[in-house]
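> Structure, please.
(one chain, ligands or ions: 1)
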Amino acid sequence: MSAACWSCGSALAAGAPFCVACGKVQAPTADVTYFDVFGLPRKLALDTSTLERAFYKLSRKLHPDVYARASEREQQWSLEQTSLLNDAYRTLKNAIPRTEYLLKLEGVEIEQDRASENGAKKESRMPPDLLEEVFELNMQLEEMRMNQKMGEDDPQLRGDLEKAKTQFEGQLAESDSDLQKLWVKWDAAVDADDEASQADAKNKMVALLDRRRYVRNLVRDVNEALGA
Ligand SMILES: [Zn+2]
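This next block holds a predicted model:
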């Protein structure tokens with residue numbers, strides 16, 4: 001059963017902040033998603049300027065001044081809807097948080113960022129194709145730290161690390177464009193109601209984000225060693 005407007009009784013779209021029939025603000029529902037807030041389907045290739053315009057439009061409609069003479073509960077709901085709207089916008093406007101959020105809605109547990117000293121955990125999630133590069137990098141990082149402890153500088157080693165860093169940053173940029181291709185695949189699968197294809201896109205996005213997180217940590221480790 002879909003919910004009904006408290007004021008006029010019209011049926012409401014899932015999680016809609018307002019009734020389209022009478023315009024009254026609604027209480028946020030417990031299972032509302034950030035996509036519902038904007039009346040969007042669970043798709044990923046969002047036009048962020050359209051999202052921004054929708055955000056400002058909703059923000060204005062929910063502004064406390066508008067509710068100065070409204071009932072106490074409507075004032076309360078407008079505040080709750082505003083805070084929900086802010087969270088929704090912050091999450092959906094950026095590529096990685098948006099993708100992670102959708103994957104979470106789809107039942108995927110997203111691994112949170114780990115501290116860099118948590119070596120064992122990091123090792124276990126290393127993408128296999130990076131094995132050699134990471135092995136070499138770790139040796140160089142170790143040497144760099146040793147040098148620093150001894151107060152020595154090795155320009156050759158520093159140069160190698162700079163080079164490695166540039167290479168990993170290139171991989172990050174590449175993974176961003178790969179991610180956009182997976183968004184298109186996901187969105188098409190949603191439109192076609194093709195569950196197998198959705199599952200495939202979902203798994204590939206999870207793997208891509210894992211790898212991206214891993215490479216980003218490598219870049220951070222190199223930056224730390226270089227004293228950047
Ligand atoms: Zn209504």
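> Which parts of the protein are strands?
Shown for the chain, no strands are assigned by DSSP state E.
> and stretch 40-60, which residues are buried?
Neighbour-count burial for stretch 40-60 flags 40, 42, 43, 44, 46, 51, 54, 55, 58 (criterion: 16 or more other Cβ atoms under 10 Å). Backbone N, C-alpha and C define where each C-beta goes, glycine included.
> can I get those residues in CSV with distance to residue 130 and pLDDT?
Shown next, in CSV, are those (distance: Cβ to Cβ, whole Å; pLDDT from 0 to 100):
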residue, distance to residue 130, pLDDT
40, 35, 95
42, 31, 96
43, 31, 97
44, 26, 98
46, 30, 95
51, 34, 97
54, 40, 97
55, 38, 98
58, 43, 97
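> Which single one of these is nearest to residue 33?
Taking Cβ to Cβ as the measure, residue 42 is the one of the buried residues of stretch 40-60 closest to residue 33, at 7.5 Å.
> surely the closest one meets residue 105?
Yes: with contacts counted by Cβ atoms under 8 Å, residue 42 reaches residue 105, the gap being 6.6 Å.
> shared neighbours, the two?
Shared contacts of residue 42 and residue 105 (Cβ atoms under 8 Å, 6 or more residues apart in numbering): 33, 35.
> thinking again about what came up before, out of the buried residues of stretch 40-60, list just those in helices.
With helices defined by DSSP state H, the entries of those inside them are 51, 54, 55, 58.
> Residue 101: which of those residues is nearest?
residue 51 (13.3 Å).
> Contacts only, for the closest one.
Contacts here follow Cβ under 8 Å, 6+ apart; on that basis residue 51 touches 38, 89, 92, 93.
> quick one: which of those has the most company?
In terms of neighbours by other Cβ atoms under 10 Å, the contacts of residue 51 top out with residue 92 at 23 neighbours.
> quick one, phi psi at residue 94?
phi -110, psi 140 (degrees, to the nearest 10).
> all helices for this protein, in order.
Under DSSP H, the chain gives helices at 34-37, 48-61, 72-92, 95-105, 119-124, 131-150, 155-191, 195-226.
> So for residue 122, what's the pLDDT?
Listed pLDDT for residue 122 reads 46.
> how about stretch 130-145: buried residues?
130, 133, 134, 137, 140, 141, 144.
> how does this protein divide into domains?
Domain segmentation of the chain under automatic domain parsing yields 1-93, 119-226.
> does the ion sit close to the shortest one?
Yes: between domain 1-93 and the ion, judged by Cβ under 5 Å from the ion, the touching residues are 5, 7, 8, 10, 19, 21, 22.
> what sits against the nearest residue in space to the third one that is not next to it in sequence?
Here the nearest residue to residue 8 in space, its sequence neighbours aside, is residue 22; by Cβ to Cβ, 6 or more residues apart in numbering that works out to 4.2 Å. The contact partners of residue 22, by Cβ under 8 Å, 6+ apart, come to 5, 7, 8, 10.
> same check, this time on residue 98
Applying Cβ under 8 Å, 6+ apart, we find residue 98 in contact with 44, 46, 91, 92.
> rerun at 10 Å
34, 35, 44, 45, 46, 48, 51, 91, 92, 183 (Cβ atoms under 10 Å, 6 or more residues apart in numbering).
> Find the centremost residue of this protein, please.
For the chain, residue 97 is the residue whose C-alpha lies nearest the centre (Cα atoms, centre = their mean; 0.9 Å).
> which residues does the closest residue in space to that residue that isn't next to it in sequence contact?
In this structure, residue 97 finds its nearest non-sequential neighbour in residue 91, 4.9 Å apart by Cβ to Cβ, 6+ apart. If a contact means Cβ under 10 Å, 6+ apart, then residue 91 has 34, 35, 37, 97, 98, 100, 101, 102 as its contacts.
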